[in-house]
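1. sequence unavailable; structure follows:
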């Protein structure tokens, strides 16, 4: 009998696997699996045990309504995780807050089994954890009000604000927002505590950064295996008009801090080597309108302080760092040619080896014995699964391990399309085709333009799922135009600061290549994009009439207003320049200047809580479209941010997009989704 159909029900019911954590002895592997909660209104995650040997089936470890995430193993195999579940040992009246408002605490699941217990709680919540590989010392981040000495004092401050009905904030630094939340009034601090003893209790937490200001916002940290040193990013000027993040070492006993790497760059993704000698991190040079940003790996000796570039000449952008267990090499992932392979770079000599080219990898976990690397692997047509790789072999085939997977078969076939831009550069795309697409039955085409813009279509996507459209008979083109990563710095430079030029013509070249195929119907096409992809959808609307419909989600419309209202306007100055000194790029590449040329029906989608692309972009776009008589609709989510995260909102998002495309591309009658 045929299996379940890949429709919205199957899509929303599918397990969403994310992240891996491997115990120090290599015997235990866990992942986070998100599913729709029992009330159907949100996703909730649980931790699952996987078999590193690949023999046993996955097994669920945790269960609670709020869910669990952020797993990290202690040396004895006990598992730390974060959760906003209620403390079963709390006194009556404590911990009764609504679960959606209850802060995440740090929990311990003993290696020998039994119930998890709360080991640290703070009213502002725990925001990440790292464990010293040998000593078991635990480092974690938590948010607290300025001037408070501990969690108890922080709770007093919060109660005073709550009792007074005050939610106001007074800002004196820039920026004040990030993605979907305001920065403050609490500040992110780092803590260290001794490993839990026989009683399962965490040692007293030491506040390593009692007055951090905004220096620790959105920074990464790790702890050396001996537990004596925490290595973290440190924003040199708080969060002022530059995004410079140094790397510093903090004594886990005293809180004394000294610099490790100081440069006009951003250091992130730090990882300490298993032997305790090294720390490695990403160094991102910021770039300027005349030159694009660049990313490399930087190595620092934690004993001598000597440092050097680890990947000179690497024309890729590494991320997802992990140390080989013998500390002789660093493993990383980098976009490359529409994929995201695993690479190994030797500490001595800097030789780089690509371990596997197939698909896109994530969550690298080198095993302590046997020379294996466990990781998550995905492709644009398949959701994440756990795989194993040999730590040293080049371009090998990964071995799949048992992983929670969707029950329904994912439809469509995946093919590569390579177009030639007008400057002779190759433009790579993936094309997802319905199973029955052929010369006798050509499929209508929908073009998905990715966001970023420094991204690549190389992995499975839950928010922009091409297979849902393939199941409805559409072909979906996933182009990587100029500014996409994985094709070298020169490819990024083609569109750097000139968003409306090469990125647009590259998309059009990719569309031309796709519609030249006999199994694609070039007379029935639509374009869609979100974030920067929404910007490009808006630009496309004002520059061509070849599409029957355009969907723009969280798209930039007026670049002059965007700079002053987005959460981090100075970041975009790297490409477009300082608008207070030179507005030329903002004006030349702003889609709103071409509203008079738009003839294509447009669906505008936006969330009220989006701070990266504020809702004002959609409101101004909507007003301009209606004033210019453009056939259009506006799907507004008052409870969503840059992404649509709630299950039933996601369902409405897809249902509305399907109805809009079916109406304009296929000529079906307009069917308004039932709940709208």
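-> All right, it came through fine. Given the structure is predicted, the values throughout are model-derived calculations rather than measurements.
2. for stretch 580-588, which outside residues touch it?
-> Contacts of stretch 580-588 with the rest of the structure, by C-beta atoms under 8 Å, 6 or more residues apart in numbering, involve 289, 497, 498, 500, 559, 560, 563, 575, 576, 577, 579, 593. The C-beta positions use only the backbone N, C-alpha and C, and glycine is treated the same way.
3. got the buried residues for stretch 556-573?
-> Under the neighbour-count criterion of 16 or more other C-beta atoms under 10 Å, stretch 556-573 has 556-559, 561-563, 566-570, 572-573 buried.
4. quick check, residue 9 in a helix?
-> Yes - under the criterion used here (DSSP: H, G, I helix; E, B strand; the rest coil), residue 9 sits inside a helix.
5. low-scoring pLDDT stretches of this protein, where are they?
-> Per-residue confidence of the chain (counting by pLDDT under 70) places the weak regions at 1-3, 92-100, 238-242.
6. farthest residue from the center of it?
-> In the chain, the residue that sits farthest from the middle, by C-alpha atoms, centre = their mean, is residue 440; the gap is 40.0 Å.
7. who's in contact with that one?
-> Contacts for residue 440 (C-beta under 8 Å, 6+ apart) come out as none.
8. over to residue 101?
-> Taking C-beta under 8 Å, 6+ apart, we find residue 101 in contact with no residue.
9. again, but for residue 49
-> Counting by C-beta under 8 Å, 6+ apart, residue 49 touches 28, 29, 30, 58, 59, 60, 61.
10. for it, which non-adjacent residue is closest in space?
-> Of all residues not flanking residue 49 in the chain, residue 59 sits nearest, at 4.6 Å (C-beta to C-beta, 6 or more residues apart in numbering).
11. next, count neighbours for that neighbour.
-> Burial of residue 59, expressed as a neighbour count using other C-beta atoms under 10 Å, amounts to 11.
12. and for the one 5 residues further on?
-> For residue 64, the number of neighbouring residues by other C-beta under 10 Å comes to 16.
13. can you classify the closest residue to it other than its chain neighbours by secondary structure?
-> Leaving aside its sequence neighbours, residue 64 sits nearest to residue 85 (C-beta to C-beta, 6+ apart; 4.2 Å). Classification of residue 85 using three-state DSSP returns coil.
14. circling back: JSON lines please, covering the contacts of stretch 580-588 and showing secondary structure and distance to residue 258.
-> Putting these into JSON lines (DSSP: H, G, I helix; E, B strand; the rest coil; distance: C-beta to C-beta, whole Å) gives the following:
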{"residue": "289", "secondary structure": "coil", "distance to residue 258": "35"}
{"residue": "497", "secondary structure": "coil", "distance to residue 258": "37"}
{"residue": "498", "secondary structure": "coil", "distance to residue 258": "42"}
{"residue": "500", "secondary structure": "coil", "distance to residue 258": "46"}
{"residue": "559", "secondary structure": "helix", "distance to residue 258": "41"}
{"residue": "560", "secondary structure": "helix", "distance to residue 258": "43"}
{"residue": "563", "secondary structure": "helix", "distance to residue 258": "36"}
{"residue": "575", "secondary structure": "helix", "distance to residue 258": "34"}
{"residue": "576", "secondary structure": "helix", "distance to residue 258": "37"}
{"residue": "577", "secondary structure": "coil", "distance to residue 258": "36"}
{"residue": "579", "secondary structure": "coil", "distance to residue 258": "38"}
{"residue": "593", "secondary structure": "helix", "distance to residue 258": "51"}
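15. need the buried ones from those selected in PyMOL.
-> This is the PyMOL syntax for the buried subset of those, where burial follows 16+ other C-beta under 10 Å:
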select buried, resi 289+497+498+500+559+563+575+576+577+579
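16. now distance to residue 654 too, for the contacts of stretch 580-588, in CSV please.
-> Rendered in CSV, the data for the contacts of stretch 580-588 read as follows (distance: C-beta to C-beta, whole Å):
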residue, distance to residue 654
289, 38
497, 34
498, 33
500, 29
559, 29
560, 33
563, 32
575, 32
576, 33
577, 38
579, 36
593, 32
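17. from the contacts of stretch 580-588, pick the one nearest residue 606.
-> Nearest to residue 606 among those is residue 559, at 16.6 Å by C-beta to C-beta.
18. OK, contacts around that closest one?
-> With contacts defined as C-beta under 8 Å, 6+ apart, residue 559 is in contact with 576, 586, 587, 589, 590.
19. ok, those residues vs residue 481, which is closest?
-> Using C-beta to C-beta, the shortest approach to residue 481 within these belongs to residue 589, at 14.1 Å.
20. residue 56 sits in which helix or strand?
-> When elements are assigned from DSSP states H and E, residue 56 belongs to no helix and no strand.
21. and it, what does it touch?
-> residue 402.
22. swap in the one 5 residues further on?
-> When the contact criterion is C-beta under 8 Å, 6+ apart, the partners of residue 61 are 30, 46, 47, 48, 49, 79, 109.
23. from the contact counts, what lies against whichever strand or helix holds residue 626?
-> In this structure, residue 626 sits in helix 616-627 according to DSSP H and E. Identification of packing neighbours for helix 616-627 by 3 or more C-beta pairs under 8 Å, 6 or more residues apart in numbering; DSSP states H and E yields helix 559-565, strand 602-607, strand 632-637.
24. mind checking the end-to-end distance for stretch 406-421?
-> Taking C-alpha to C-alpha, to the nearest Å, the span from the opening residue of stretch 406-421 to its closing residue is 38 Å.
25. ok, now stretch 483-494?
-> One end of stretch 483-494 sits 7 Å from the other (C-alpha to C-alpha).
26. could you do stretch 641-654 as well?
-> Using C-alpha to C-alpha, the span of stretch 641-654 from its first residue to its last is 16 Å.
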